[in-house]
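Peer 1: Model the structure of this input:
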Amino acid sequence: RWQVLRALLRDDHAALDPKLPELMHMLDERGAGECWHKHGTFKEHLVDTHNVLRLWEQPDKVCRFGLFHSAYSNSYVNLAIFDAAKDRGAVAAAVGTEAEALTHTLCVVPRHDIVWDVLAERGEIPADGLTTTHIRTGEPLTLSRTQLRHLLVFTMADISEQYAGWYDEVFDYPRSGRIFAPGASRTVEGHNPAAL
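Peer 2: Prediction:
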């Protein structure tokens, strides 16, 4: 873990993952550094989420999933820097097929419902996985136990990267116990991420 921390402190991206400089360049080419996100740019959020996962010694596929996690947009925000209808092959070639599949899955499921309303309520990840719905088509999607585990670990990294300091005060956390603003996590329709 010390080697990972040293690489992070030295901005030695290639030491973290030999593909990381190329992947960060790909994010730059798509304008991720030009979009505001919570307490910095979208690119900074993606890289920092990746870094949290690296510190937690997650496999490359999960770290790369963290790096591209909202690249197609998702149930929280509409910051699509890649078009899922056109770019999945290019993203898979860059991050690997498993990381891309996790990325795409995150971008089409109701994450809040899965993490908070199902997994947190049950207190465990179901052995046989979970069936949910595609947020855009309404079609049923079955997530395996492994996919749910990756989604849960990623969500913890995502939250730990962005919910701190002034943001907690905006949403009255921890006094209220809420991590998400009322209604903001349910849909991106009518939700203006730039206002946050």
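Peer 1: Any idea which helix or strand in this protein has the lowest mean pLDDT?
Peer 2: helix 166-170 (a mean of 56; mean pLDDT, DSSP states H and E).
Peer 1: Strands of the chain, residue ranges please.
Peer 2: For the chain, the strands defined by DSSP state E occupy 36-37, 40-41, 130-133, 140-143.
Peer 1: Looking at the chain, which helix is longest?
Peer 2: Ordering each helix of the chain by length in residues (DSSP state H) puts helix 145-162 first.
Peer 1: other SSEs contacting it?
Peer 2: Here helix 145-162 touches helix 42-55, helix 60-67, helix 97-108, going by 3 or more CB pairs under 8 Å, 6 or more residues apart in numbering; DSSP states H and E. From N, CA and C alone the C-beta is placed, and that goes for glycine too.
Peer 1: Tell me which of the ones you listed sits most buried.
Peer 2: Stretch with highest mean neighbour count among these: helix 60-67 (a mean of 25; mean count of other CB atoms under 10 Å).
Peer 1: what are the C-alpha coordinates of that helix, in PDB please?
Peer 2: Listed next in PDB are the C-alpha coordinates belonging to helix 60-67 (Å, rounded to 0.1, in the frame of the first residue of the first chain):
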ATOM      1  CA  ASP A  60      -7.400  -3.000 -12.200                       C
ATOM      2  CA  LYS A  61     -10.900  -3.600 -13.700                       C
ATOM      3  CA  VAL A  62     -12.500  -2.000 -10.600                       C
ATOM      4  CA  CYS A  63     -10.000   0.900 -10.500                       C
ATOM      5  CA  ARG A  64     -10.500   1.600 -14.300                       C
ATOM      6  CA  PHE A  65     -14.300   1.300 -13.800                       C
ATOM      7  CA  GLY A  66     -13.900   4.000 -11.100                       C
ATOM      8  CA  LEU A  67     -11.900   6.100 -13.600                       C
END
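Peer 1: Many thanks, we can stop here.
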